[in-house]
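*Asks:* need a 3D model of the following:
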Amino acid sequence: MRKLLLLSCMVLFVQGAPALAQTIKSEKHEFRVVTLVRGLQNPWSLAFLPDGRMLVTEREGRLRIIGKDWRLDPKPVEGLPEIVASGQGGLFDVVLHPQYEKNGWIYWSYNAPGPAGWGTAMARGKLQGQRMTEVQVLFSMEPKTRAGHHFGGRIVFDNKGFVYLTLGDRGDMPRAQRMDDHAGSVIRLHDDGRVPADNPFVMQAGAKPEKFTLGNRNMQGAALHPRTGELWTHEHGPQGGDEINVMRAGRNYGWPVISYGVNYGIGTRIGEGTSKPGMEQPLLVWTPSIAPSGMAFYNGDAFPNWKGNLFVGALRDEMLVRLELEGEKIVRLERLIKGVIGRIRDVRVGPDGLIYVLTDEREGVVVRLEYVK
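*Replies:* Sure, this is the predicted structure:
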């Protein structure tokens, strides 16, 4: 009996504590890769609450809470609006309002049902115990279809009180160039869902006033540059042609008129080539594709030699990419933890200055990169 009790205590301890760490030496830092939480199903996004807990979304439609002791609460948060888990669609990003400690607002993006199908939406609410209250749907893309891919779904607040939501082309390429369609664009709103009067297409007849950009394929990573305050995104190319771009008001990023990728399987050219006047060029192109997902600028103190670097996760290549920048020029690229933890879905910098990573697996994990030297 004593042995059984001791074994039970050991199991409980292991489940509630970080796993043994793997140490890795990179170009500028040696660091540990520590698995903090297991048992997540296709996690998509991570947010840090001020009290030390964390919120994690699962694509199937569950919002989970991780306690300060790294234990995953078995009961999902209740009160979210209906979420359609279909193909790549489901529950996506979760982000705290910059003034969260004053107003309590939590924002999330998700695949919402509607006429003729479903599409990406953004809502906000206030967490009370295990329930989301005061829920408000701030945006829901139109038109909706039954396609199962290219939802986008990243949420970013800027320093001026605006919130941005990235949208994919929903698998229908021409939609990314249509002004009367939300697909294939970045959406820009006030934090309460109102359309800013200075959005670039507000006065254009027939255009969706929420649109900030057009010509984007499927942006699943977005982050605010810590110095310039501009929104950077990356997006999936087709067969090759993954891109990093800076999102600027009214700009056309080319998809599918121009692309560095080619048609799946047959390898034929898409559109008119790789450039065209009036369409933006990416800062970086990955060919072959790494399937980028998750993105964060590092501006913490725990890794001093990574200050100002951009980190991008990769699904297909199962790695974390570190990018050194000089202005908007990428001058060096380092591939980290390739094949170590699996498909990386999200990358976040914690309030402790450490880097947190989510893996998109049926048995997904939360991993932390910790400074060694």
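
*Asks:* Ile155 against His97, yeah?
*Replies:* No. When contacts are counted by Cβ atoms under 8 Å, Ile155 is not listed as touching His97 (10.3 Å). Glycine gets a C-beta too; all of them are placed from N, C-alpha and C.

*Asks:* which of those two has more residues huddled nearby?
*Replies:* Applying other Cβ atoms under 10 Å to Ile155 and His97 shows that Ile155 carries more neighbours, namely 22 against 16.

*Asks:* all strands for the stretch 1-150 of the chain, in order.
*Replies:* Taking DSSP state E, counting those that start in this stretch as the criterion, the stretch 1-150 of the chain carries its strands at 22-25, 30-40, 43-48, 54-58, 62-66, 91-96, 105-114, 117-128, 131-140.

*Asks:* out of the ones you listed, which gets the lowest mean score?
*Replies:* Between these, the one with the least mean pLDDT is strand 22-25; it has a mean of 92.

*Asks:* pull the distance from it to the chain's centre.
*Replies:* Per Cα atoms, centre = their mean, to the nearest Å, the displacement of strand 22-25 from the mean C-alpha position of its chain is 26 Å.

*Asks:* parallel or antiparallel, list what pairs with it.
*Replies:* Using DSSP bridges, strand 22-25 pairs in its sheet with strand 30-40 (antiparallel).

*Asks:* element containing Ala222?
*Replies:* Assigning secondary structure by DSSP states H and E places Ala222 in strand 219-224.

*Asks:* same for that strand, what does it pack against?
*Replies:* With contacts defined as 3 or more Cβ pairs under 8 Å, 6 or more residues apart in numbering; DSSP states H and E, the packing partners of strand 219-224 are strand 155-157, strand 162-166, strand 231-235, strand 292-297, strand 310-314.

*Asks:* where does this protein have its least confident helix or strand?
*Replies:* Lowest by mean pLDDT, DSSP states H and E among the helices and strands of the chain is helix 2-15, with a mean of 35.

*Asks:* Lys373 is nearest to which of the helices and strands packed on strand 219-224?
*Replies:* Lys373 lies closest to strand 310-314 among the helices and strands packed on strand 219-224, at 19.2 Å (Cβ to Cβ).

*Asks:* list of residues touching the closest one?
*Replies:* Here strand 310-314 makes contact (Cβ atoms under 8 Å, 6 or more residues apart in numbering) with 221, 223, 232, 234, 244, 290-298, 319-323, 325, 330, 343-347, 355, 357.

*Asks:* just the buried subset of those residues, please.
*Replies:* For the contacts of strand 310-314, a neighbour count by 16 or more other Cβ atoms under 10 Å gives the buried set as 221, 223, 232, 234, 244, 290-298, 319-323, 325, 343-347, 355, 357.

*Asks:* quickly list what's touching both of Ile155 and His97.
*Replies:* Overlap of the contact sets of Ile155 and His97 (by Cβ under 8 Å, 6+ apart) consists of Tyr107.

*Asks:* roughly how far is the helix or strand where Arg322 lies from the heart of the chain?
*Replies:* If you go by DSSP H and E, Arg322 is part of strand 319-326. With Cα atoms, centre = their mean as the basis, strand 319-326 stands 16 Å off its chain's centre.

*Asks:* that one pairs with which strands?
*Replies:* strand 310-314 (antiparallel), strand 329-336 (antiparallel).

*Asks:* in CSV: the helices and strands packed on strand 219-224, plus distance to Ala85.
*Replies:* What follows is the helices and strands packed on strand 219-224, written out as CSV (distance: least, Cβ to Cβ, whole Å):
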stretch, distance to Ala85
strand 155-157, 19
strand 162-166, 19
strand 231-235, 23
strand 292-297, 18
strand 310-314, 21
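
*Asks:* partners of Leu46 in the sheet?
*Replies:* Here Leu46 sits in beta bridges with Val56, as judged by DSSP bridges.

*Asks:* what's it in contact with, if anything?
*Replies:* Applying Cβ under 8 Å, 6+ apart to Leu46 gives the contacts 54-56, 94, 346, 348, 356, 358, 366.
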